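# Quick one: sequence and predicted model below, then my questions.
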Amino acid sequence: MNKKFKEYLTMTLGMLMVAISVEFFVIPNNMASGGITGFSVVANNYIPALSVEALTFIFNIILFITGFLFIGGSFGVKTLYGALGISGLMWFIKTVFNPQAITNDLMINAIFASALTGTGLALVFSQDASTGGTDIIAKILNKYLKLDMGKSMQVVDMIVVVLGGLTFGWEKGMYSLVIVFMNGFIIDKVIAGFNNCKELLIMSSKNDEIKTFIMNDVNRGCTIIPAKGAYSGQETDMIYCVVNRKQFIDIKKFIREIDQDAFITVS
């Protein structure tokens, strides 16, 4: 699959998850759960002539220009797609499905909104992009202050939550705060899952075959470390490599097939 196509397909899936969360859980329950959509929900209460979707689009354009200046052109192109795409998806869902609140239970609402939004944003962030809005401010904090994306968003979103509490009451404000913290947790965990790697130390009588498989079939590098058995005094070699989850499964399967007595440690 073409790399660019895969990037934008991943982004689109993430944006769709966020749009569903906003239209079916956030907007119908007046939850100012952070982000530019949460801010737009608050602004809509004071500017009812403009819909939440229209306000989201306007604020996204303003913040997109800011992100382009501070973060650069590559991020800006993807974020323009994200900003326009999220607004377009929200408008499409509203026009076609006329969404209503699925539940009025604020806790259930917070759980499902967090699951959808956090996972969706993580998919977008994993492609070095954003859905626009306050995500851009969080990305700037991440770049210049080295804060995790989840924590950066929490800082920005806290302001939106306070505004929502002042506008819609502190009960909804507190549930919005739950969504913000769960979003940050989910984003960091999902992104960590994308980047998670495994460190392998392998000792086997079939080192040459294993080394060749890692380099030629798995297409990863490895290092040979001289070792000596403390009990036997026998000199041997260890293979050291760092691989992703799928590559680890392939290597483990291969080693099991050629050497049942191989010793592997995984970190």
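Thanks, I have it.
# for the strand or helix carrying residue 117, which positions count as buried?
Element membership of residue 117, judged by DSSP states H and E, is helix 106-125. For helix 106-125, the neighbour count (16 or more other CB atoms under 10 Å) marks 106, 109-125 as buried. All C-beta atoms are positioned from the backbone trio N, CA, C, and that covers glycine.
# so how far is whatever helix or strand comes next after it off the chain centroid?
Later in the chain than helix 106-125, the nearest helix or strand by DSSP H and E is helix 134-145. Here helix 134-145 shows a centroid-to-chain-centroid distance of 14 Å under the convention CA atoms, centre = their mean, to the nearest Å.
# Ok, stretch 61-73 next?
Averaging C-alpha positions (CA atoms, centre = their mean) puts stretch 61-73 20 Å from its chain's average.
# What of stretch 126-140?
That offset, for stretch 126-140, works out to 10 Å (CA atoms, centre = their mean).
# Now it: buried residues?
For stretch 126-140, by 16+ other CB under 10 Å, it's 126-127, 129-140.
# What pLDDT does the model give the nearest residue to residue 234 once chain neighbours are set aside?
Closest residue to residue 234 apart from its sequence neighbours, by CB to CB, 6 or more residues apart in numbering: residue 228 at 7.1 Å. As summarised for this prediction, residue 228 has a pLDDT of 86.
# what's the distance between residue 228 and residue 200?
Going from residue 228 to residue 200 by CB to CB, to the nearest Å gives 20 Å.
# go on, residue 175?
To residue 200, residue 175 is 44 Å away according to CB to CB.
# quick one: which of these two has more around it?
Using other CB atoms under 10 Å, the more surrounded residue of residue 175 and residue 200 is residue 200, with 24 against 21.
# Surely the more buried one forms part of a strand?
Yes. Under DSSP: H, G, I helix; E, B strand; the rest coil, residue 200 sits within a strand.
# I figured it hits residue 243, correct?
Yes. Here residue 200 lies in contact with residue 243, judged by CB atoms under 8 Å, at a distance of 6.7 Å.
# Find the residues that touch each one of the two.
Shared contacts of residue 200 and residue 243 (CB atoms under 8 Å, 6 or more residues apart in numbering): residue 251.
# Show the pLDDT at the closest residue to residue 139 other than its chain neighbours.
In space, and not counting its chain neighbours, residue 139 is closest to residue 130: 5.7 Å by CB to CB, 6+ apart. pLDDT recorded at residue 130 is 72.
# I'd guessed residue 130 sits against residue 80; true?
No. Counting by CB under 8 Å, residue 80 is not a contact partner of residue 130; they are 9.9 Å apart.
# between the helix holding residue 117 and helix 134-145, how many degrees?
For helix 106-125 against helix 134-145, the angle by axes from the mean of the first three to the mean of the last three CA atoms, to 10 degrees is 60 degrees.
# Now do helix 106-125, average pLDDT.
For helix 106-125, the mean confidence score works out to 89.
# other SSEs contacting that helix?
In terms of contacts (3 or more CB pairs under 8 Å, 6 or more residues apart in numbering; DSSP states H and E), helix 106-125 is packed against helix 3-21, helix 134-145, helix 170-195.
# between the ones you listed, which gets nearest to residue 255?
Among the helices and strands packed on helix 106-125, the nearest to residue 255 by CB to CB is helix 170-195 (24.6 Å).
# Could you figure out how far the closest one is turned away from helix 106-125?
Angle, helix 170-195 to helix 106-125, by the same axes, to 10 degrees: 40 degrees.
# give the contact list for the residue lying closest to residue 14 once chain neighbours are set aside.
Excluding its sequence neighbours, the residue lying closest to residue 14 (CB to CB, 6+ apart) is residue 123, at 3.1 Å. Each residue near residue 123 by CB under 8 Å, 6+ apart is listed here: 10-11, 13-14, 17, 190.
# Low-confidence stretches in the stretch 151-267 of the chain?
Scanning the stretch 151-267 of the chain for pLDDT under 70 picks out the ranges 153, 194-195.
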